[in-house]
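Trainee: Sharing a model that was predicted from the sequence below.
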Amino acid sequence: MFAAERRQLILEMVRANGAVSLRELARVVQTSEVTVRRDVRALEAEGLLDRRHGGAVLPGGFTRESGFPQKSHLATAEKTAIADLAANMVDEGEAIVVGAGTTTQELARRLARVPGLTVVTNSLLVAQALAHANRVEVVMTGGTLRGSNYALVGSGAEQSLQGLRVSRAFLSGSGLTAERGLSTSNMLSASVDRALVQAAAEVVVLADHTKLGTDTMFQTVPTDLITRLVTDEPAGHDERAATELQALADQGVQIAVAGGEGASAGRQRRDVPLPGPRRQGPGGLRTAVALGAAAGEPAQGSERGARVADLRRR
């Protein structure tokens, strides 16, 4: 494939999806990530797209939201690994909330095996994944159906969450930065996600590497309210993604990295320990250290603190 043909295909993919990772672009155009990165730089120089951590987005600073058909085909292996790791954090008999998204849909498929679980969700996709799980109770919010991501939004959804209290919220979004936290491109979705956060003692964000460093219009979870981030391993050359992860860790977010290149679907993990105690947020949010203890992990002590992973060296 000639360079002009490659770049045209790359441009079409970004326009169709809003954001595409270098890995995915390289797979589709059947070339190396090095070549794709060079093509992306050339297209950025022409003002046709913007480079982001490990990928490319529409120009203009803020990415638009892709529909479910496009999202479902992006970073599928990474989402699977993230879901595998996140599912291990859920205990029998727990009550949780799960937000809308393709990554949370993958999580829901794995939660079907957890007995005595109660899942509150505004996502039809999450509810569908758990519909035949005999030992899992599913509670749907009210609201108005948003067809692009099969989620219930609006005042009905928000009001149904009032007075609710659960142990954890599992959320995804369109972008994640250390400066603003989790964000999304839709105002109605953002408003419901904020209500889900208020209902939970702890907040776990599920975000693959394509979301790191991407900022979108509406903030859903500020960084200081994120207890833990579950993500995948950035490419070894992706210095900016590694820097973003380190910045999140420096602000008190506990980071669990699923798998890595050549790892089997999320069975391996690497934690970036917290640099210090996590301050509590509104509503009595527990610390990230408490989350680790709840998941059966040792407390963050001096021994683990001495093994803080410097992601920028990877």
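Mentor: Sure, I can see it.

Trainee: Give me the distance between the closest residue to Leu85 other than its chain neighbours and Ala81.
Mentor: Distances taken as CB to CB, 6 or more residues apart in numbering place Ala258 nearest to Leu85, at 4.2 Å, with adjacent residues excluded. The way it works is simple: take the backbone N, C-alpha and C, and place the C-beta from them, glycine included. Here the criterion is CB to CB, to the nearest Å. By it, Ala258 lies 4 Å from Ala81.

Trainee: now Thr118
Mentor: Using CB to CB, we find Thr118 at a distance of 26 Å from Ala81.

Trainee: Among the two, which residue is more densely surrounded?
Mentor: Neighbour totals were compared for Thr118 and Ala81, and Ala81 leads with 28 against 15 (other CB atoms under 10 Å).

Trainee: May I have the secondary structure class of that one?
Mentor: Recorded secondary structure, Ala81: helix (DSSP: H, G, I helix; E, B strand; the rest coil).

Trainee: what's the pLDDT at it?
Mentor: Listed pLDDT for Ala81 reads 92.

Trainee: That one and Asp232 touch, don't they?
Mentor: Yes - shown here, Ala81 and Asp232 form a contact pair, counting by CB atoms under 8 Å, at 5.6 Å.

Trainee: what touches both of the two?
Mentor: Taking CB atoms under 8 Å, 6 or more residues apart in numbering as the criterion, Ala81 and Asp232 both touch 258-259.

Trainee: Helices of the stretch 151-300 of the chain, start to end?
Mentor: Assigned by DSSP state H, counting those that start in this stretch, the stretch 151-300 of the chain shows helices spanning 155-160, 187-198, 239-250, 288-294.

Trainee: Quick one: those as CSV, columns for distance to Ala45, mean neighbour count and mean pLDDT too.
Mentor: Shown next, in CSV, are the helices of the stretch 151-300 of the chain (distance: least, CB to CB, whole Å; neighbours: other CB atoms under 10 Å; pLDDT from 0 to 100):
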stretch, distance to Ala45, mean neighbour count, mean pLDDT
helix 155-160, 43, 17, 93
helix 187-198, 33, 21, 93
helix 239-250, 18, 20, 86
helix 288-294, 41, 19, 33
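
Trainee: got JSON lines for those helices, with distance to Glu5 too?
Mentor: As requested, these are exported to JSON lines (distance: least, CB to CB, whole Å):
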{"stretch": "helix 155-160", "distance to Glu5": "45"}
{"stretch": "helix 187-198", "distance to Glu5": "36"}
{"stretch": "helix 239-250", "distance to Glu5": "28"}
{"stretch": "helix 288-294", "distance to Glu5": "47"}
